Each structure stands twice: as C-alpha cells, then as structure tokens.
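*Asks:* Sequence isn't available, so here's the structure alone:
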C-alpha cells in the first residue's frame, strides 16, 4: 500500500517533504506534482525503482527518463552547457521545459539515450518539486504520469490513489495537476529545436 501525503502546493510542510525524501532514498517510487503535470520519480541510479516505473508506464528500455534538477548549477554537472545554451537555460528555468543536452560523464549509463549520449533535464518551478529536490540534494529521475493507453497525464490525486496504490510507494497530493507535459527543447545542435510542445511556450526557441 502506498502512502498518501497531502502537501501544501505553495508552502510545503518540511516534515512531510523530509519523509517523502526518506522514501525516495530508500529506493521508493514517488508520484509528485511539477509545474507541468504530475510525474513519477525515483532516486538517480535506483535500478529496481526504474524498472517499476517502466512497468507502471509500460515503457520499453528505449524510453528516456528525465533528470529533474534543483537549479541550473546542478543541471550543469550532468549536461554540457555552452554559452548560448546557458543563456537560454538561465532565461527559462525554472519552468515547464525539458531540455535535451549532451550528457557529461556524471550521468549514469542507464539514463543515456542508447544511440546518442544525450539526456533530458528540467528544473521545475513547482514549490513541492523544488522542496523535494532541495532536501534530496541530487536530481531525481522522472517521467510524466501518463498511464498506458492514455494521452494525457493523470491530474486527480484521489484517482491516482485508487489506481496506483499498489504500484508506487508514495503519492503526494498537491492539488489538481496540469494536463500537459513539459515542452521539450533540443539544445544538442547549434540551433534550438522544439521537439514537443507542451505547457511551456515554445516561441522563444523557434528560429525566426
């Protein structure tokens, strides 16, 4: 049975954040809100937790997890960021964007795109996600909470509780979630590339 924490979406209770992070550190799978939609995440490199998330979402091993980071300096430990990319990231993080960048050697192998050494990273601006990452002190591996056969992410914490209570260790209820995943921007080549349009405005990244 999973635990169910009601955490205030604007001023998260420190005690509950701490308990949630203990669950993550112990290899748990956690559903939590971000500034785009709810996501399901686990500790970086926790293999069995990753497998459970893959089973839950019915993902094959080609599907990339996103590394969700606390801030830009944490992000640059795991991605190669040149000056142009840094400027874009500085202007648009935290926010509802996932950036595809070339990975550094710090990134666990199992997180990398099998063909290219790239990684998706994001810095969410949701207070609950930010508090979890602050307490954890390292990025979390995450994917959007979109169930098999569905197009939209789950948004109702009570429905999550009914459907997922035997498949995850913790569901954080931070109120209703958004129905769009993040906007995905490729920053691997010289020109930014809009890969998926979600709830972040893609226009700053489109070549004019």
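*Replies:* Now that the structure is in, tell me what you want to look at. Quantities reported herein were computed from a predicted structural model and do not represent experimental measurements. Residues are numbered from 1 along each chain as shown.

*Asks:* what's the span of stretch 165-174 from first residue to last?
*Replies:* Chord length of stretch 165-174, first to last residue, is 16 Å (Cα to Cα, to the nearest Å).

*Asks:* Quick one: distance of stretch 9-27 to the chain centre.
*Replies:* 16 Å (Cα atoms, centre = their mean, to the nearest Å).

*Asks:* Just give me the neighbour total for the nearest residue to residue 137 once chain neighbours are set aside.
*Replies:* Spatial nearest neighbour of residue 137, chain neighbours left out: residue 70 (8.0 Å); criterion: Cβ to Cβ, 6 or more residues apart in numbering. Where C-beta positions appear, they are placed from N, C-alpha and C, glycine not excepted. Residues near residue 70, counting by other Cβ atoms under 10 Å, number 22.

*Asks:* Secondary structure element holding the spatially closest residue to residue 155 that is not a sequence neighbour?
*Replies:* Closest residue to residue 155 apart from its sequence neighbours, by Cβ to Cβ, 6+ apart: residue 177 at 4.2 Å. According to DSSP states H and E, residue 177 maps onto no helix or strand at all.

*Asks:* OK, contacts around residue 177?
*Replies:* The contact partners of residue 177, by Cβ atoms under 8 Å, 6 or more residues apart in numbering, come to 33, 37-38, 145, 153-157.

*Asks:* ok, of those, which one's closest to residue 46?
*Replies:* Nearest to residue 46, judged by Cβ to Cβ, of these is residue 145 at 17.7 Å.

*Asks:* who's the closest residue to that closest one other than its chain neighbours bridged to?
*Replies:* Sequence neighbours aside, residue 38 is the residue nearest to residue 145 in space, at 4.3 Å (criterion: Cβ to Cβ, 6+ apart). Beta-bridge pairing of residue 38 under DSSP bridges involves residue 33.
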